[in-house]
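Engineer: I need the structure of the sequence given here:
(2 chains)
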Amino acid sequence: MSSTQTNSSALSDTSINVNGESSSLPPKSQSKVSNFLEVESDQDDIIDSEEFNSTQNRKRVKTNDIVNLESSNKKRKSINGNNDPSKKLGGGAESRQKEALRLFEKRKELPFYQGRKEILEEIMNNETTIILGETGCGKSTQLPQLLRSNFISTSNYKGKSPKIVITQPRRLPAISLANRVAIESGCLVGEEVGYSVRFEEMVSRDTGIRYCTEGVLMRELANPAQNIGTSSSSSHQGLNLLLKYDIIIIDEAHERTLNTDFLCGTLKKVQNIRKEMVKSQQKQFDGNGKGKEKKGSEIKELKLIIMSATLDPGKFQKFFATGREALLVKGRMYDVSTQHSLNPVDDFIEAAARQVMIIHNNQQSEGDILVFMPGSDEIENCVDLLRRLGKQLSDKSKQIQVLPLYAALPPTAQAKIFTPPPEKTRRVIVATNIAETSMTIPGVSFVIDTGFKKEKEYIFRQSGSIEQLKKKGISQAAAWQRTGRAGRERNGFCYRLFTKEIFSKMPEFDIPEIQRCNLSSAVLQLIAMGQNPFEFEYIDNPGRDAIAAAFQTLAGLQALESPTKVTSLGVDMLKYPLDPPHARILIASFENGCTSEIIDILSIINAGGTVFVDRPNDREEASNSKMKFIHRDGDHMTSLAVFKDFLTLKSSLAKERSSSKGSGVSLVGWCKDNYVNFKTLNQAIKIRDQLRELVIRNGKQWETSTCNTSDSSPIMKSLLHGLFMNTAVIQADGSYKQTTGSLTVKIHPSSVLMSKKVPAILYDELTITSAFYARNVSTFEQHWLTEIPIFAKAGKSVAVSVGKGHL
DNA sequence: GAGCACTGC
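Structural biologist: Sure thing, here's the model as predicted:
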């Protein structure tokens, strides 16, 4: 039995197929390729040739494909000669309406549109609806429009269209979907259809459909005061009831990000509170008979819609107690034949390369090859091997072009996958998980899956958490997701470098993020919302240990007055998009007079990359170049020095440009020459701007820095306020011992302090590989620790008692 | 003297 059948039969118990198609599966085709034997399809609806032709147009309006969306926007941009779709397009309202009307004909062909009646009815009749939408069914673009135009007649809305929010796990889809739906609706982005993501917002008073990232909505839930013009009744013990929205859609819920889970739990609560409020409001109106007068401030119930890929909907059904079947909407995907390795593979890099060459040499059919690897190291090895093999191909035969793809690659290298390959060349892309969900690569017909990924693991310790990046086997769900990448444009093949038996023993789903990450930020938000993290309704409980660890961190940071109440310091910490320790550092900088420098340092840390590029090939040149930036106090001050030079050059280049004097120097060029990571620093600028704005909005100043780089003590003292758990002091033998724990830690070789002997160190993170390595390290004076509350008070009992006392 | 999955506010 194929896994598809397993999957589908599981679904048939719990879902209604709204397209009215038979749920029985077509017979599977059989074929033999190389050492693979078993053949499976991961798609129920194999599209026959007639259907195949008729879907050619549909592909252009395929909704989940962000690359398609982008390219369709780009086309539009070039037609109108305008690079910003948010600005007015060349044509006026009339031409937009025309375009919308033309697109409407295409939208009607989407599976989602065809099932709209059942979908609408289910949503109207239930407070929570779960929709399982296959790739390409159009759910993310069509559902909000459908609700906006068809929900008016229901009694709740009294002639007004409902206000809708739809969340996405990632920024790019939120923006792309808003752009797409704006075009379909015949409006400009920010009018009827808008979006809000970090650093960017396009919404107005008229916006009826708002796409946003999950994090944005989570922040909104925790910040009742932030909403301008909302009455006091809109919040409930610190929880924003989101009264300005009628319907909230959680899209891509199957991804189970930390925010997916916290949103589901919190929104369920909001939904219940609003239901109670509607009831008591009704009683009040019935009592005094003045209901009509108060119509303006009338509270409405909240409708929730959970949309996910076709995975097990049982968890969501149980969690929301819908008592209803989930709606299943068929998609527009092509058939993918899946084959497993007959024997276990011992060298997956070599096996993957060999399989690439077999496909390249044997297959008649067209299409590029996508290989999934766990990490960059394996990718570079595989790319080297493939390029060597590629050189052995005869000049007459079709060639291969091999490209690596992972997040740490510079943008120019990443962009190569979107350019057409050379003539008579098959492209081979060797990628990490980035190609599983974050990036859609065009032209792929073959997937080779090693079955591995890398994942960060947290080891919670009272003395501070330890991180480990581990190579792990993937889940069955992830294997199907990878398989699906071969069937986006035509029928495809997926070769799994693991046996069918290994597959059957893989976990069915990934462990949700909430069960494997640091919860301190989320727990602080929950408490601020008046919720008890130990009693919060979780889809999957993160466990008492993880919650207790978060409590302990927060207590140490003085963010908690009691397990159910946040201190004013804690309230201040929530005002910034930073982890609690980092927020604490920022707040400490207000008193230490070094906010400008601390904002810069925090921006670099949070930019999600290294300051210096580190490639094995040019390590010596890089380390020589690094010398000129080195600050004796450690990595934080060194990063700051690089950032300051970067910013100075940036502003002088901007001045040059305005006076049209070109010096030929570029920011990117400077970064290259100095082995500095442009992507990291550029991202840091964005974060810096946002933090500066928030500091001012919260009545503080960042410009009045009183410190200079020769005396970094105010900066170090500020860092210590957030990182006191991450400190160690030197021992007689030159090793470092934790101050809050008993581990012996080493300074990571990437640190400027690596071979220095300093009395005490603080660090951003502790990782375990061949030893416990402290990364991003600075030195400080040990006696400063007495200024830190938990060290000042006798022992470390404060943090522990709050963490443990209420378990 | 070492190995760096991916997001997001």
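Engineer: Give me the domain ranges for chain A.
Structural biologist: Domain assignment of chain A by automatic domain parsing yields the ranges A:3-20+A:111-286+A:298-329, A:336-512.
Engineer: ranking those by mean pLDDT, which is last?
Structural biologist: Ranked by mean pLDDT, the domains of chain A bottom out at domain A:3-20+A:111-286+A:298-329, with a mean of 84.
Engineer: Next, A:Arg205: secondary structure please.
Structural biologist: Of the three states, A:Arg205 takes coil under DSSP: H, G, I helix; E, B strand; the rest coil.
Engineer: What is the neighbour count of it?
Structural biologist: Look at A:Arg205: counted by other Cβ atoms under 10 Å, it has 6 neighbours. For every residue, glycine as well, the C-beta is placed using N, CA and C.
Engineer: rewinding a little: turn the domains of chain A into a markdown table, columns for distance to DNA strand B.
Structural biologist: Formatted as a markdown table, the domains of chain A follow (distance: least, Cβ to the nearest atom of the strand, whole Å):
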| stretch | distance to DNA strand B |
| --- | --- |
| domain A:3-20+A:111-286+A:298-329 | 3 |
| domain A:336-512 | 3 |
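Engineer: Now do the contacts for the residue of the stretch 701-807 of chain A at minimum distance from DNA strand B.
Structural biologist: For the stretch 701-807 of chain A, the residue closest to DNA strand B is A:Thr769, as judged by Cβ to the nearest atom of the strand, at 3.1 Å. By Cβ atoms under 8 Å, 6 or more residues apart in numbering, the residues touching A:Thr769 are A:Gln468.
Engineer: on that earlier part again, turn the domains of chain A into TSV, columns for distance to A:Pro580.
Structural biologist: Formatted as TSV, these follow (distance: least, Cβ to Cβ, whole Å):
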stretch	distance to A:Pro580
domain A:3-20+A:111-286+A:298-329	13
domain A:336-512	13
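Engineer: Show me which positions of the top helix by length along chain A end up buried.
Structural biologist: Among the segments of chain A that qualify as a helix by DSSP state H, the longest is helix A:258-288. Within helix A:258-288, the residues that qualify as buried are A:258-271, A:273-274, A:277-278, A:281, A:285, counting by 16 or more other Cβ atoms under 10 Å.
Engineer: Which phi and psi values does the closest residue to A:Arg256 other than its chain neighbours adopt?
Structural biologist: Once flanking residues are discounted, A:Arg256 sits nearest to A:Pro512: 3.9 Å by Cβ to Cβ, 6 or more residues apart in numbering. A:Pro512 adopts backbone torsions of phi -60, psi 150, taken as degrees, to the nearest 10.
Engineer: Return the distance of A:Pro512 relative to A:Leu311.
Structural biologist: 12 Å (Cβ to Cβ, to the nearest Å).
Engineer: Please say which of these two ends up with more neighbours.
Structural biologist: Counted by other Cβ under 10 Å, A:Pro512 and A:Leu311 do not tie: A:Leu311 has more neighbours, with 22 against 19.
Engineer: In contact with A:Pro169, which residues?
Structural biologist: Counting by Cβ under 8 Å, 6+ apart, the residues that A:Pro169 touches are A:213-214, A:252, A:255, A:257, A:259-260.
Engineer: what do you get if the cut-off is 7 Å, keeping everything else the same?
Structural biologist: Contact analysis of A:Pro169 by Cβ atoms under 7 Å, 6 or more residues apart in numbering lists A:214, A:252, A:255, A:257, A:260.
Engineer: Double-check the second one against A:Gln168; I have them as touching.
Structural biologist: Okay, so that is A:Glu252. Yes - the pair A:Glu252 / A:Gln168 is scored as a contact, 6.3 Å apart, by Cβ atoms under 7 Å.
Engineer: Mind telling me what element A:Glu561 is part of?
Structural biologist: Here A:Glu561 sits within strand A:560-562, counting by DSSP states H and E.
Engineer: Near DNA strand B, which residues of the stretch 551-700 of chain A are found?
Structural biologist: Counting by Cβ under 7 Å from any atom of the strand, the residues of the stretch 551-700 of chain A lying close to DNA strand B are A:577-579, A:606, A:608, A:610, A:614, A:616, A:619, A:623.
Engineer: Give the buried subset of those residues as a ChimeraX selection command.
Structural biologist: Of these, the buried ones go into a single ChimeraX selection, burial set by 16+ other Cβ under 10 Å:
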select /A:577,578,579,606,610
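Engineer: can you redo the residues of the stretch 551-700 of chain A next to DNA strand B as a markdown table with secondary structure and pLDDT?
Structural biologist: Formatted as a markdown table, those follow (DSSP: H, G, I helix; E, B strand; the rest coil; pLDDT from 0 to 100):
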| residue | secondary structure | pLDDT |
| --- | --- | --- |
| A:Pro577 | coil | 95 |
| A:Leu578 | coil | 96 |
| A:Asp579 | coil | 95 |
| A:Asn606 | coil | 96 |
| A:Gly608 | coil | 90 |
| A:Thr610 | coil | 92 |
| A:Asp614 | coil | 82 |
| A:Pro616 | coil | 76 |
| A:Arg619 | helix | 82 |
| A:Ser623 | helix | 85 |
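Engineer: of all the residues of the stretch 551-700 of chain A next to DNA strand B, which comes closest to DNA strand B?
Structural biologist: Ranked by distance to DNA strand B (Cβ to the nearest atom of the strand), these are led by A:Pro577 at 3.3 Å.
Engineer: how many other residues sit next to the closest residue to A:Gly608 other than its chain neighbours?
Structural biologist: Excluding its sequence neighbours, the residue lying closest to A:Gly608 (Cβ to Cβ, 6+ apart) is A:Gln683, at 6.6 Å. Using other Cβ under 10 Å, A:Gln683 has 18 neighbouring residues.
Engineer: one step back: partners of the strand holding A:Glu561 in the sheet?
Structural biologist: Note on strand A:560-562: by DSSP bridges, its sheet partners are strand A:565-566 (antiparallel).
Engineer: A:Tyr576 against A:Leu586, yeah?
Structural biologist: Yes - with contacts counted by Cβ under 7 Å, A:Tyr576 reaches A:Leu586, the gap being 6.1 Å.
Engineer: Comparing the two, which residue is more hemmed in?
Structural biologist: A:Leu586 (26 against 20).
Engineer: check contacts around that one.
Structural biologist: By Cβ under 7 Å, 6+ apart, the contact set of A:Leu586 is A:576, A:578, A:598, A:602.
Engineer: Distance from the chain centre to the host helix or strand of it, please.
Structural biologist: Using DSSP H and E, A:Leu586 falls within helix A:580-592. Here helix A:580-592 is found 26 Å from its chain centre; the criterion is Cα atoms, centre = their mean, to the nearest Å.
Engineer: Output it as CSV, nothing but the C-alphas.
Structural biologist: This file holds the C-alpha atoms of helix A:580-592, laid out as CSV (Å, rounded to 0.1, in the frame of the first residue of the first chain):
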residue,chain,number,x,y,z
PRO,A,580,13.9,39.2,26.6
PRO,A,581,17.7,39.2,27.3
HIS,A,582,18.3,41.5,24.4
ALA,A,583,15.4,43.8,25.4
ARG,A,584,16.9,43.9,28.9
ILE,A,585,20.3,45.0,27.4
LEU,A,586,18.6,47.8,25.5
ILE,A,587,16.8,49.0,28.6
ALA,A,588,20.0,48.9,30.6
SER,A,589,21.6,51.1,28.0
PHE,A,590,19.2,53.9,28.7
GLU,A,591,20.8,54.4,32.2
ASN,A,592,24.3,53.6,31.0
